[in-house]
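Chemist: Show me how the following folds:
(2 chains)
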Amino acid sequence: MINETSNFIKTIMKNELESGVVDHILTRFPPEPNAYLHIGHARAIVTNFELAKYFGGQTNLRFDDTNPVKEDAEYVEAIQKDLEWLGYVPRIVVYGSSYFEETYEKAILLIKKGLAFVCDLSQEEISQYRGDDKTPGKNSPYRNRTIEENLKLFKEMRDGLYPNGSKTLRAKIDMASPNINMRDPVLYRIIHINHHQTGDKWCIYPMYDFAHPLQDSFEGITHSLCSLEYEDHRPLYDWVVNNCEVAHKPRQIEFGRLGITNMIMSKRYLKQLVDENLVVGYDDPRMPTLVGLRRRGFTPNAIKEFILSTGLSKINSTVDYEMLEHFVREDLKLKTTRPMAILKPLKVVITNYPENQVEELEAINNAECLELGSRKITFSRNIYIDQDDFLPEKPNKHWKRFSVGLEVRLMHAYFIKCNEIIYNEDGSIKELHCTYDPATKSGTGFNERKPNGTIQYVDAATCIPAQFNIFEPLMLDAKVSSENFKERMNPNSWTKLNGFVEGSLKDTKPLDHYQFVRCGYYVTDKESSKDLLIFNQTVSLKSSFGK
RNA sequence: UGCCAGGUAGUCAAGCGGUAAGACACUAGACUUUGACUCUAGGAUGCACUGGUUCGAAUCCAGUCCUGGCAGCCA
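Modeler: Purely as a prediction, here's the structure:
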């Protein structure tokens, strides 16, 4: 599918392949295991995997676990599951920590070449010495330690002789560089903590800027794709690659992040929502996480197509949520059966239909995809339609559904006409008295009159009571702050409706998708919600026409 | 105000010197056993602005403006 799209990275790869700079493509997806993946991450995943696949290459999954204070094995597992769900199979699954020994050796090499030194400056002092955008930095007083001394001290750092923060290993580059990342950046820091992969083996950990280019080199990554904020780090990336005498030199290319309008993606806020029980968990269908979107009814294919269609550029882009929705519809359009569901039941009595008679009708599952076959539904004197499909007052000409005096088609069944509204004592509508026209039976090719629209129904005799959990995704209409985001998130966005689904759904299987009449998607999830039915209102049609 | 990167319709985005693709959204209409789907029609005399080079510029050059990123022992 990516061969239909064009982007600057693809062009770079193509040119390099053609000119012989590289003879294959190997990319990597390097998440830090400190959060659940969300739709924003999908751009990195899809880009890396699809680009490699397009050129006949492969992609490594590498957990970027060089900072044990933030990471946890829980996320490692979650990320792997998400990738699996998306249908991507990495060439290998590795950890940044798998390379700690080799990384350490490269640090020794830099020391021996006089390109790195052990620094005793405190964190604050390093910051002061670094200078700022208009002030050049000052050299650390420890910058001129001898190679022997540096070697000894660095070994002692590794051996655990020093407490957290007391020493660092720094690259010796240029304290006056206009790029602050090049002002003798820290390469290693001391952290005495248990690492989720390496346990207590190490107490010094390499920084991203040092570890990442080396890992890419070790694995033979040809193109290291990352987001825009690493642009300023590229000179350092290249410095590491060029000075560490690695056999393979990867190339870093940056691309913009992908956001969705009004969708909150910040790790911190998502965590807060979960921690404070404002949502059920990371897989709450209101969440923008991949697991959340899965329960919301999105399919892997929809997400991939969405990402590919939004393209790739050096702009941090924010696309409309409608774009995402479009691709679910597109993906499910020809794959789903389309059962009927009534969210807000309104009883209808077909007064000219015999009591105690039940007739079976054939309903085509998907008129656009006949291979999906048909199912049997029933019709009888008492049925339910949706309150939203009936307008008690006189509708305007745009109204394409039911009202007094109007004739509509009950999907897969007959035309009906409403003759009388029966009210309760409190003035609410109790039921509708209608008549049907036997000549208009579905499938007979009747075309002497046009109905005012088609509405769904369920047969009261055979329908199944169902609870619909209607939710709205967590969205915000403007930039949030940590103070106001909770109120504005409106996490209480579940509405439970007691309605009915047609009898044919009694064999519903977990995680099947159904495309409902109003273009909603319907998912049941065995693990977390048993018989819960989720109706995604966000992909339903506008219901305010003609009102 | 230092360095870096960007500015093409409401939102994404192609184009890379030859006269502005495509998608989403939107509007109008047709069709329809979902107001879905499908189909038809509609949008930039214009590519941040101003000059310049050229037969010809969104594409090259210069200047200006605007936006984003960067001063963790985070990634």
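
Chemist: count of residues packed around A:Thr495?
Modeler: A:Thr495 sits with 13 neighbouring residues when counted by other C-beta atoms under 10 Å. From N, CA and C alone the C-beta is placed, and that goes for glycine too.

Chemist: so what's it scoring on pLDDT?
Modeler: Predicted confidence (pLDDT) for A:Thr495: 74.

Chemist: Please apply the same query to A:Lys335.
Modeler: pLDDT, A:Lys335: 83.

Chemist: do A:Asn277 as well
Modeler: In this model, A:Asn277 is scored at 87, pLDDT.

Chemist: Please report how far the residue nearest to A:Lys417 when sequence neighbours are not counted lies from A:Asn15.
Modeler: Once flanking residues are discounted, A:Lys417 sits nearest to A:Glu407: 4.6 Å by C-beta to C-beta, 6 or more residues apart in numbering. A:Glu407 sits 64 Å away from A:Asn15, going by C-beta to C-beta, to the nearest Å.

Chemist: more crowded one of those two?
Modeler: Set A:Glu407 next to A:Asn15 and count neighbours by other C-beta under 10 Å: A:Glu407 wins out with 20 against 10.

Chemist: The more buried one contacts A:Thr454, doesn't it?
Modeler: No: taking C-beta atoms under 8 Å as the definition, A:Glu407 is not a contact partner of A:Thr454, at 11.0 Å.

Chemist: Assign A:Lys106 to helix, strand or coil.
Modeler: Secondary structure assignment for A:Lys106 (DSSP: H, G, I helix; E, B strand; the rest coil): helix.

Chemist: Neighbours of the closest residue to it other than its chain neighbours, how many?
Modeler: Nearest residue to A:Lys106, sequence neighbours excluded (C-beta to C-beta, 6+ apart): A:Cys244, at 4.5 Å. The criterion is other C-beta under 10 Å. On that basis, A:Cys244 has 20 neighbouring residues.

Chemist: show me what contacts A:Cys244?
Modeler: Counting by C-beta atoms under 8 Å, 6 or more residues apart in numbering, A:Cys244 touches A:106, A:109-110, A:213-214, A:217.

Chemist: Nearest to A:Ser98 among the residues you listed?
Modeler: Closest approach to A:Ser98 among the contacts of A:Cys244 (C-beta to C-beta): A:Leu214, at 11.7 Å.

Chemist: Am I right that that closest one is in contact with A:Asn242?
Modeler: No: contact criterion C-beta under 8 Å: A:Leu214 and A:Asn242 do not qualify, at 11.9 Å.

Chemist: The two: who's more crowded?
Modeler: A side-by-side neighbour count of A:Leu214 and A:Asn242, using other C-beta under 10 Å, places A:Leu214 first with 23 against 11.

Chemist: is the strand or helix carrying that one up against RNA strand B anywhere?
Modeler: Taking DSSP states H and E as the criterion, A:Leu214 maps to helix A:208-219. Yes: applying C-beta under 7 Å from any atom of the strand, one finds helix A:208-219 touching RNA strand B at A:208-209, A:212.

Chemist: Out of those residues, flag the one nearest to A:Arg28.
Modeler: Of all the residues of helix A:208-219 next to RNA strand B, A:His212 has the smallest distance to A:Arg28: 9.7 Å, by C-beta to C-beta.

Chemist: what's the spacing between that closest one and A:Ile9?
Modeler: Distance of A:His212 to A:Ile9, computed by C-beta to C-beta: 18 Å.

Chemist: who's more crowded, the two?
Modeler: In this view A:His212 and A:Ile9 are compared by other C-beta under 10 Å, and A:His212 has more residues nearby, 27 against 19.
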